[in-house]
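[1] Sequence and predicted structure, then a few things I'm wondering about:
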Amino acid sequence: KLLVNPKERRVVLLESVLSPSDFRNLLADVLFMHFEVPSVVFLPSHLAACFPLGTQGALVVDVGFRETLVL
């Protein structure tokens, strides 16, 4: 059970540049149809890493459990 009302929350999802579009579509369907969120934004994780720095370019090293990406 969610501890917030999803109808009142916007959703920002960070995704890998390697994520398939089918997965993104499935997530959007679940969020809109089941949870009835007002909006969903998919943001590539490497852009989210640069955003707080106020820069347009950076070397982003994304170290994950099974893979490491250098963007």
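    Happy to help now that I have it.
[2] mind listing the helices for the chain?
    Shown for the chain, the helices assigned by DSSP state H span residues 21-29, 45-50.
[3] winner for burial among those helices?
    Compared across these, helix 45-50 shows the largest average neighbour count, a mean of 16 (mean count of other CB atoms under 10 Å). Backbone N, C-alpha and C define where each C-beta goes, glycine included.
[4] for the chain, what helix or strand is lowest in average pLDDT?
    The weakest-scoring helix or strand in the chain, judged by mean pLDDT, DSSP states H and E, is helix 45-50 (a mean of 83).
[5] And the pLDDT at residue 71?
    On pLDDT, residue 71 comes in at 82.
[6] Number of residues surrounding it?
    14 (other CB atoms under 10 Å).
[7] show me what contacts it?
    Residues counted as contacts of residue 71 (CB atoms under 8 Å, 6 or more residues apart in numbering) are 17, 46, 59, 60, 61, 62.
[8] Quick check: the farthest pair among those residues?
    Greatest spacing in those, by CB to CB: 17 and 59 (14.8 Å).
[9] still on that earlier bit, run through who's touching the least confident helix or strand of the chain.
    So helix 45-50 is contacted by 14, 15, 16, 17, 56, 57, 58, 60, 62, 69, 71 (CB under 8 Å, 6+ apart).
[10] Can you point out the buried residues in stretch 3-13?
    residue 11 (16 or more other CB atoms under 10 Å).
[11] That one: end-to-end distance?
    For stretch 3-13, the first-to-last residue distance is 18 Å (CA to CA, to the nearest Å).
[12] repeat for stretch 30-48
    Where stretch 30-48 begins and where it ends lie 23 Å apart, using CA to CA.
[13] which of the residues in that stretch are buried?
    Buried, per 16+ other CB under 10 Å, within stretch 30-48: 31, 37, 40, 45, 46.
[14] could those go into TSV alongside distance to residue 7?
    Listed next are the buried residues of stretch 30-48 as TSV, based on distance: CB to CB, whole Å:
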residue	distance to residue 7
31	11
37	7
40	13
45	27
46	31
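[15] and the two most separated of these?
    37 and 46 (24.2 Å).
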